[in-house]
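**Q** need coordinates for the below:
(one chain, ligands or ions: 1)
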Amino acid sequence: MNNIEDSGNIALLQLCSVHPAGPGAMGEKGHLSRVLLECSLSDKLCVVREGQYEVIIVPALLVGGFLILLAIILWLFIRGQRSLRQSSGPRGTTSVPESGGRNQKAAGHGEKVLVPLKETSVEGFLRAITPTLAKLQVPREQLLEVLEQIHCGRCGTLYRATMITRDCVKPKSVVLKALEDSVGLQEVQDFIGRIQFYQYLGRHKNLVQLEGCCPDRLPLYMMLEDVVPGNLLSFLWTCRRDVMTMDGLLYDLTEKQIYHIGKQVLLALEFLQEKRLSHGDVAARNILIQTDLTPKLCHLGLAYEVHAHGAISSARSSTVPLKWLAPERLLLRPASIRGDVWSFGILLYEMVTLGAPPYPDVPPTSILQYLQRKKIMTRPSSCTHAMYNIMKCCWRWSEDSRPLPGELHLRLEAASRTANDKAVLQVPELVVPERYADVAGISTESLSYSYSVL
Ligand SMILES: Nc1ncnc2c1ncn2[C@@H]1O[C@H](COP(=O)(O)OP(=O)(O)OP(=O)(O)O)[C@@H](O)[C@H]1O
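**A** From the prediction side, this is the model:
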């Protein structure tokens, strides 16, 4: 027997061999086991017997281990089943993949968009999605008449239409984007995703604004604010003509006004940058202008793709005219805000030349080789050195050495202080749209809206 005293917690242990050969034999075998025979809380005496119980303990350990393993497997299985039930939601619903991932907020107010799990029909999808767009929904009866078709886009046709608003007595003009009847579930989800994207972006005075939508059934409509006179490229071309005013707008442009427009475009880009987005196709044709010369970025389809899918699809990317693209985009690298800064430099060129096609002497397909030779456009005669210096910093080959929209805004601000606000920019030659399209590397159809002003 051994007495063990342990700082006030005294325990008496009795070591007792039950092996017939005695303790010595046990020591030789080295298989001694200690078994607690008696130990009560009130007692400070514990009796332990050493014995050779391998025959009982080893199988017991094996059985115990097996049971624990079984319990773990069972627990994992139950947990898996439970999480499966949770992700399909109540009454068998699941998240819409197009607005999932980091764009969950696209559903508005950070809610998850749920559609029935088994629902693969357009009707079922629209039934499930419409309540999430309640704040934007406009009764169809409020749409009065379609005035004209203005554009046939990849994701719907654009019309000018009139609409009654809740607070307006007089019908107001809106641009209606319509997704017609004969489309599949994917197109419908994409159209709804775009509506949610506008909702996610929120309001910015230099981004075209969503005013409402009709998402309950086909045809689907989204109503955008009607920006008049609209397309900046058309405006620039009209400035070449002998038109003084039209609809209250002075078709004259000074260097100072170019800075004014440019700075606001940069505010829109800064806004997108804050949301970790980029525009992807900054160009005069994708900017709308108001009579007070407030520009609004439109053509947000590429930004939507970045938001919804993390990148611009190669199919969509190939539609962006090459002459506006930064070298890294021409080399098929992802779009970024600094790529937009490159395109912004081209936009300045477009404005100061009143809508001339960039790189007039370079075929669109040779643009990458041209830039790889470290060449950039020369200074147009109508462009001051100050403005050309800004263009040059936008056209730095290395993305990282280009300024961000905020820094560029400061440069434009400084340059505009000494800019000429008297001399009206003039270009004597009128634009021939087919020739323009050819030199710019743009399809004539995509310019159809600009013809109307010529
Ligand atoms: N809100 C608007 N007000 C006036 N004109 C507009 C408006 N929206 C679009 N437009 C005209 O329609 C043209 C095409 O617009 P936009 O590129 O945004 O449509 P889209 O091809 O459907 O683009 P995306 O798929 O990127 O949204 C514009 O260049 C402009 O001339």
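
**Q** and His299, what does it touch?
**A** By CB atoms under 8 Å, 6 or more residues apart in numbering, the contact set of His299 is 279, 281, 285-286. For every residue, glycine as well, the C-beta is placed using N, CA and C.

**Q** one more time with 7 Å, if that's ok
**A** 281, 286 (CB atoms under 7 Å, 6 or more residues apart in numbering).

**Q** ok, it to Arg285 distance?
**A** Distance of His299 to Arg285, given as CB to CB, to the nearest Å: 8 Å.

**Q** and Ile367, by the same measure?
**A** Relative to Arg285, and taking CB to CB, Ile367 is found at 17 Å.

**Q** these two: which is more packed in?
**A** Remark: of Ile367 and Arg285, Arg285 carries more neighbours, 23 against 20, as counted by other CB atoms under 10 Å.

**Q** surely that one meets Phe235?
**A** No: counting by CB atoms under 7 Å, Arg285 does not reach Phe235; the two are 10.8 Å apart.

**Q** for the chain, which strand is longest?
**A** Longest strand in the chain by number of residues (criterion: DSSP state E): strand 143-153.

**Q** that one near the ligand anywhere?
**A** Yes: Strand 143-153 comes into contact with the ligand (CB under 6 Å from any ligand atom), by way of 150-151, 153.

**Q** of these, just say which sits nearest to Ala134.
**A** Of all the residues of strand 143-153 next to the ligand, Gly153 has the smallest distance to Ala134: 26.1 Å, by CB to CB.

**Q** three-state assignment of the most centrally placed residue in the chain?
**A** Central residue of the chain (CA atoms, centre = their mean): His307, 1.5 Å from the mean position. Following DSSP: H, G, I helix; E, B strand; the rest coil, the label given to His307 is helix.

**Q** now the nearest residue to Ser314 once chain neighbours are set aside, what's its secondary structure?
**A** Leaving aside its sequence neighbours, Ser314 sits nearest to Leu332 (CB to CB, 6 or more residues apart in numbering; 8.0 Å). Here Leu332 is coil, with the state taken from three-state DSSP.

**Q** how about Leu332, phi and psi?
**A** phi 70, psi 30 (degrees, to the nearest 10).

**Q** what residues does the residue of the stretch 251-400 of the chain found nearest the ligand make contact with?
**A** The minimum distance from the stretch 251-400 of the chain to the ligand, using CB to the nearest ligand atom, falls at Gly301 (2.5 Å). By CB under 7 Å, 6+ apart, Gly301 lies in contact with Cys155.

**Q** separation between it and Arg240?
**A** 29 Å.

**Q** repeat that for Gly230.
**A** Separation of Gly230 from Arg240 (CB to CB): 17 Å.

**Q** do the same with Pro403
**A** Pro403 is 30 Å from Arg240, by CB to CB.

**Q** Ala303 too?
**A** 31 Å.

**Q** do the same with Lys374
**A** From Lys374 across to Arg240, the span is 32 Å (CB to CB).
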